[in-house]
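[1] What follows is a protein structure lacking sequence information:
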């Protein structure tokens, strides 16, 4: 910064005797301190503790805490509920993110199109994002209810379908993923909209002169231009949704059986039964999955990010 | 998409296709409004049902097949909710929790973002990346040690404990957004102030703060909504009625142990009241929020 070039400051201050550079370092440290303290206290430190706990047999109700090495991990590798929860979590995250991006891209085009209600559409697309997940989950649980729900009723009347949703293991998964797509697609669309607005219209004009129709300009112009944003957003959604808790917890409670139990709910259940060591080891597995997803995303980002 | 070019002034060099321009535009407009209508329906239908359920007489609510329109509007569910649940306390707790968390996160993030965006010091990049990457650490994965630490520090069942946790959760995204915002402000303004003899504190408070106030306010609104909606932390760390938030109260209605098996009347009434503050914020600050969300995610 050019300010550092300035020699003697004219003002007196508590930093007297320090060089200008030292003074800046001190200010930087002071400014960063609250943020770093918060993160260390609630993230980095508990993370280290989680790693430690995952090697322990630790349940406050059954005292002697004991080092068991990878014992917890051996146990969870054989735990059918953990396996099912990892399976459903990955399915949930991958399918959700895929459709959120596909529908989000379509919706972003609508939000970018020149028509009179465009701003209304943009405001409306904030609503699913801003609505508490608690309410979305409970609302849809009611809407999918077998007795009193409106969605089965409408499907029955219009399509003649007689589907049971939340009490059927497969359909419950479909319903939860659908609600999640409903909840976050507009958010993805708003992010992609910002990307769309960054593409010069002259490019579309040029493509049109060269004889491109809407599909070819989408395929060879829009999507390549948006690729960096699509990958960042996709990565963000994957990582963020891996920790999903409230939606399945409130919509089905993880049931029927354990068909819609996600990893986060399994951790919650184990910590509620005071199996702290075991819960921590599932947490470690979750962090590993997040790291893998992040690494793949970073790799893709480097490959596609030609613009920068 | 070709729709973008439709209403723009045509360049004289662009060759018109054989299909008449008028017909093409007409079809496009119809398609646009049709997809808009589908979009509105998909977004709004659930809220319609929640709203209608909350004012429906209870016996109509539990009829098979379901009713789509109440025969009369009644606020019975609301009064029942007010009696059955310490609603006012929960609402106040939510308000304290959301306001406190978003204020603390915006202040801490604003300070950090200024240091990261403007002051060059060794390790600044490492700190920035570590702060941003920590967003990927799932909050639930570290729940157990956090609970132990918070118990040891007597932070469980306190407002400030919840606020510390929640604001920390929102820090990375807030810092990222604010750094990108501060970097766009020309540094010459601050340099001019230095030359005029202002010290760092004066510059931050009198020069930088007014410039980034809109961004801080935007992040405050976004973080308010996020913490208003948060379930996991209050569910785990707030067991006393004096700190429980609306999200927890709503969840408890559905407990298998609660007296209602399907307390939809109270749930819908409580949902409507919980949505209202969020809706007001959106109507009031939609432009800022959209810009803020996009900036954080795109950069």
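    Now that the structure is in, tell me what you want to look at. A quick note: this is a predicted structure, and the numbers were derived from the prediction, not measured. Numbers count the residues shown, from 1 in each chain, chains lettered A, B, ... in the order given.

[2] What is the burial count for residue 45?
    Looking at chain A here, since you left the chain open. 15 (other CB atoms under 10 Å in any protein chain shown). From N, CA and C alone the C-beta is placed, and that goes for glycine too.

[3] Sorry, I should have been clearer: chain B.
    15.

[4] do you know how far it is from chain A?
    Relative to chain A, residue B:45 is positioned 9 Å away (CB to the nearest CB, to the nearest Å).

[5] Okay, that residue and residue A:150: tell me how far apart.
    9 Å (CB to CB, to the nearest Å).

[6] all helices of the chain, in order?
    Picking chain A for this. A:20-39, A:45-53, A:71-78, A:80-112, A:118-130, A:133-143, A:150-159, A:169-197, A:201-209, A:214-217, A:223-242, A:246-251, A:263-272, A:276-304 (DSSP state H).

[7] oops, chain B please
    B:3-6, B:21-54, B:58-61, B:76-84, B:87-118, B:124-133, B:143-152, B:159-184, B:188-195, B:200-202, B:209-229, B:232-237, B:246-253, B:264-298.

[8] for those helices, which one sits closest to residue A:118?
    The minimum distance between residue A:118 and those falls on helix B:21-54, with 8.8 Å, by CB to CB.

[9] what about the closest one, distance to the chain center?
    Put simply, helix B:21-54 sits 24 Å off its chain's centre (CA atoms, centre = their mean, to the nearest Å).

[10] and what of stretch B:156-175?
    14 Å.

[11] List the buried residues in it.
    Buried residues in stretch B:156-175, counted by 16 or more other CB atoms under 10 Å in any protein chain shown: B:156-159, B:161-175.

[12] Next, see if that stretch gets close to chain A.
    Yes. Using CB under 8 Å from any CB of the partner chain, stretch B:156-175 comes into contact with chain A via B:164, B:165, B:167, B:168, B:169, B:171, B:172, B:175.

[13] thinking residue A:146 is in contact with residue A:162, fair?
    No. Applying CB atoms under 8 Å, one finds residue A:146 not in contact with residue A:162, separated by 10.3 Å.

[14] quick revisit: mind putting the helices of chain A in JSON lines, distance to chain B and mean pLDDT included?
    Converted to JSON lines, the helices of chain A look like this (distance: least, CB to the nearest CB, whole Å; pLDDT from 0 to 100):
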{"stretch": "helix A:20-39", "distance to chain B": "4", "mean pLDDT": "86"}
{"stretch": "helix A:45-53", "distance to chain B": "3", "mean pLDDT": "87"}
{"stretch": "helix A:71-78", "distance to chain B": "12", "mean pLDDT": "80"}
{"stretch": "helix A:80-112", "distance to chain B": "5", "mean pLDDT": "91"}
{"stretch": "helix A:118-130", "distance to chain B": "5", "mean pLDDT": "87"}
{"stretch": "helix A:133-143", "distance to chain B": "4", "mean pLDDT": "88"}
{"stretch": "helix A:150-159", "distance to chain B": "5", "mean pLDDT": "81"}
{"stretch": "helix A:169-197", "distance to chain B": "3", "mean pLDDT": "90"}
{"stretch": "helix A:201-209", "distance to chain B": "6", "mean pLDDT": "83"}
{"stretch": "helix A:214-217", "distance to chain B": "5", "mean pLDDT": "81"}
{"stretch": "helix A:223-242", "distance to chain B": "5", "mean pLDDT": "87"}
{"stretch": "helix A:246-251", "distance to chain B": "4", "mean pLDDT": "88"}
{"stretch": "helix A:263-272", "distance to chain B": "4", "mean pLDDT": "88"}
{"stretch": "helix A:276-304", "distance to chain B": "3", "mean pLDDT": "86"}
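
[15] and residue B:149, which of those helices is closest to it?
    helix A:45-53 (6.5 Å).

[16] residues in contact with residue A:274?
    Counting by CB atoms under 8 Å, 6 or more residues apart in numbering or on different chains, residue A:274 touches A:59, A:60, A:61.

[17] for residue A:125, that is, sorry about that
    A:107, A:111, A:186, A:187, A:189, A:190, B:39, B:43.

[18] can you rerun that using 6 Å?
    A:186, A:189, A:190 (CB atoms under 6 Å, 6 or more residues apart in numbering or on different chains).

[19] Tell me how far the second one lies from residue A:106.
    Looking back up the chat, that one is residue A:189. Distance from residue A:189 to residue A:106, by CB to CB: 8 Å.

[20] Likewise for residue B:47?
    Counting by CB to CB - residue B:47 and residue A:106 are separated by 22 Å.

[21] can you check residue A:296 too?
    From residue A:296 to residue A:106 the distance is 25 Å (CB to CB).
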